[in-house]
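Chemist: Just to be clear, the model below is a prediction. Sequence and coordinates:
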Amino acid sequence: MKRILIALLILSGQSALMSSASAQVGPSCTVPIGIWSWETAPLGAFNCQAVGVEGAVPCSLQTYSCPPPAGPGETCSKCVTGGKPISLASGDTYIEETDVRVPGLSGGLRLVRIWRSMWPATQAEFQAGLFGPNWRSTFEERVFVGEDNYVKYSRGDGSFWSFGYGSPTGGSVWSVAAPANASATLTQGSTYITITFQNGEQRLFNNTSGNLVAIIDRNGKILANHVGYGDRSLHELVVDINRAFEDPPPEPDVSLLGTGPT
């Protein structure tokens, strides 16, 4: 009983510190968090070590107030571009193609793919996608924990956003640490990881694989459901896009404008 009381005191103290840190933007780049050994650790938790008290495990989380060192190279997709387009800051070249267009409510859905000549070196593991190396498309988005312990959001434009724990208003959420001009929150549920954008649109990701599960507009309309790429082929993906709409038109106008990388 004494051990349990000590463990509760340790965890409650760490929770208080975490709540205080998440409500303030300060110089600290990490925040402590306490969990029980039988609990699932929050996204990005690191340095999790038992402290000798039965069941108590203190961990650390990266905060949103400190951008990751690799942030500029991971997030600057099509920053300021010239012709073709070419990034005027890095020389990175971008090619954008629309392969599928399905009209519908809230603007419908599009399968858009983007090729970039300079893939972030820190994300080489994800360089090859559905359309080949350096290509990324709308439904290949996913969430994962990076080697820097930030929660990464791999976007359809080939960029990677970094989320850190906390927000200006507090709460158990993750906010964008990089890029600095982005605004979104990330929450971890028992089934889904949810990213909510400033305009109210949401992305749902599988809590285990991190793959995209659904796209929801600001009015709660499910634009796409179970459309994450995963290990499926392009044909299977297009079939699922057609099934994704509620009350679709009798004969959806699907325009296949491309069949693969060029």
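Modeler: Done, it's in. Numbers count the residues shown, from 1 in each chain.
Chemist: Tell me the secondary structure at Gln123.
Modeler: Under the three-state scheme (DSSP: H, G, I helix; E, B strand; the rest coil), Gln123 adopts helix.
Chemist: okay, now the residue nearest to it when sequence neighbours are not counted: neighbour count?
Modeler: Computed as CB to CB, 6 or more residues apart in numbering, the closest residue to Gln123 that is not its neighbour in sequence is Phe160, at 5.7 Å. Yep, even glycine has a C-beta here, placed from its N, CA and C like the rest. Neighbourhood size, Phe160 [other CB atoms under 10 Å]: 25.
Chemist: Check the one 3 residues further on too.
Modeler: Phe163 is flanked by 28 other residues according to other CB under 10 Å.
Chemist: Against which helices or strands is the helix or strand where it lies packed?
Modeler: Secondary structure assignment for Phe163, by DSSP states H and E: strand 160-165. Judged by 3 or more CB pairs under 8 Å, 6 or more residues apart in numbering; DSSP states H and E, strand 160-165 is in contact with strand 56-62, helix 71-75, strand 151-154, strand 174-178, strand 184-188.
Chemist: was I right about the residue nearest to Gln123 contacting Pro120?
Modeler: Yes - applying CB atoms under 8 Å, one finds Phe160 in contact with Pro120, separated by 6.4 Å.
Chemist: Could you pull out the residues contacting both of those two?
Modeler: Shared contacts of Phe160 and Pro120 (CB atoms under 8 Å, 6 or more residues apart in numbering): Glu74.
Chemist: According to the record, where do the domains of the chain fall?
Modeler: Listed by automatic domain parsing, the domain ranges of the chain are 2-62, 71-256.
Chemist: give me the low-pLDDT residue ranges for the protein?
Modeler: With pLDDT under 70 as the threshold, the chain has low-confidence stretches at 1-27, 53, 77-84, 104-108, 224-262.
Chemist: change it to 50
Modeler: Residue ranges of the chain with pLDDT under 50: 1-26, 231, 233, 245-262.
Chemist: need the helices for it, in chain order.
Modeler: Remark: helices assigned in the chain by DSSP state H are 2-22, 71-75, 234-243.
Chemist: elements contacting the shortest one?
Modeler: Using 3+ CB pairs under 8 Å, 6+ apart as the contact criterion, the neighbours of helix 71-75 among helices and strands are strand 160-165, strand 174-178.
Chemist: what lines up beside the shortest one in the sheet?
Modeler: Strand pairing for strand 174-178, using DSSP bridges, gives strand 160-165 (antiparallel), strand 184-188 (antiparallel).
Chemist: got the angle between it and strand 56-62?
Modeler: 40 degrees (axes from the mean of the first three to the mean of the last three CA atoms, to 10 degrees).
Chemist: what does strand 174-178 rub up against?
Modeler: By CB under 8 Å, 6+ apart, strand 174-178 touches 43-44, 62-68, 71-72, 74-75, 150-151, 161-168, 182-188.
Chemist: rewinding a little: tell me the contacts of the residue nearest to Gln123?
Modeler: With CB under 8 Å, 6+ apart, Phe160 has these contacts: Glu74, Thr75, Pro120, Gln123, Gly146, Lys152, Tyr153, Ser154.
Chemist: Kindly give a single PyMOL line that selects the buried subset of those.
Modeler: A single PyMOL command selects the buried members of the contacts of Phe160 (16 or more other CB atoms under 10 Å):
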select buried, resi 74+75+120+123+146+152+153+154
